[in-house]
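**Q** below are the sequence and a predicted model for it; my questions follow.
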Amino acid sequence: MAQRFQFRLEQVLNLRKQIEDVKVRELAVAKKHLLEIDIALNKHVEKQEEFLKACVELEKNGMVTAEQVMTYFEYKEALSKEEKEFRKRQNDWMLEVERRRREAVKASRQRQLLENLRDKKKRVHAQEVQSEEQKFLDEVSSIAFARRERAKKSVSFS
């Protein structure tokens, strides 16, 4: 009787599946952070545009004091620094997302390699089982044939 298929590296395969799951979750977290930065950056850009529109309106209406101009430039400079910081964080998270994506792809390939090996071993095992079964059936057939032939000979001699 043929043995049940058993893949000796099943535990390693399970470990690789777990590692892949962790890497995919880490990638999702990095993408979430990148999305949060993108949203914050878009809000910041909107805030800058509103500020610039308000300043243009003040200039159109007339009198702007030197103090207001200084405050305007200081605030504009602060907004620019903030935007640069957002852009830097966005770039950092983009790099992090790409790094984690590569790690997830690598983990997936390692898992897939073992799964392919397992599938190949399973096919070989199935062929061996089928071959054993065929040999058994051939042997049963030849025994039955030999018995029938003996029975025919014993009947013809009687």
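**A** Received it, and whenever you're ready, just let me know what you need.
**Q** now L58: how far from Q68?
**A** If you measure L58 against Q68 using C-beta to C-beta, to the nearest Å, the figure is 7 Å. (Each C-beta comes from the backbone N, C-alpha and C, glycine too.)
**Q** report the buried residues of stretch 59-79.
**A** When burial is assessed from 16 or more other C-beta atoms under 10 Å, stretch 59-79 yields the following buried residues: 72, 79.
**Q** pull the distance from it to the chain's centre.
**A** Here stretch 59-79 shows a centroid-to-chain-centroid distance of 50 Å under the convention C-alpha atoms, centre = their mean, to the nearest Å.
**Q** what about R111, neighbour count?
**A** Residues contacting R111 under the criterion other C-beta atoms under 10 Å number 20.
**Q** from what I see, it and R16 are in contact.
**A** Yes: between R111 and R16 a contact is recorded at 4.2 Å, counting by C-beta atoms under 8 Å.
**Q** so where is this protein shaky, pLDDT-wise?
**A** Low-confidence segments of the chain, defined by pLDDT under 70: 1-2, 157-158.
**Q** 80 instead, please
**A** Using pLDDT under 80 as the threshold, the predicted model of the chain has low-confidence ranges 1-2, 58-59, 61-64, 66, 155-158.
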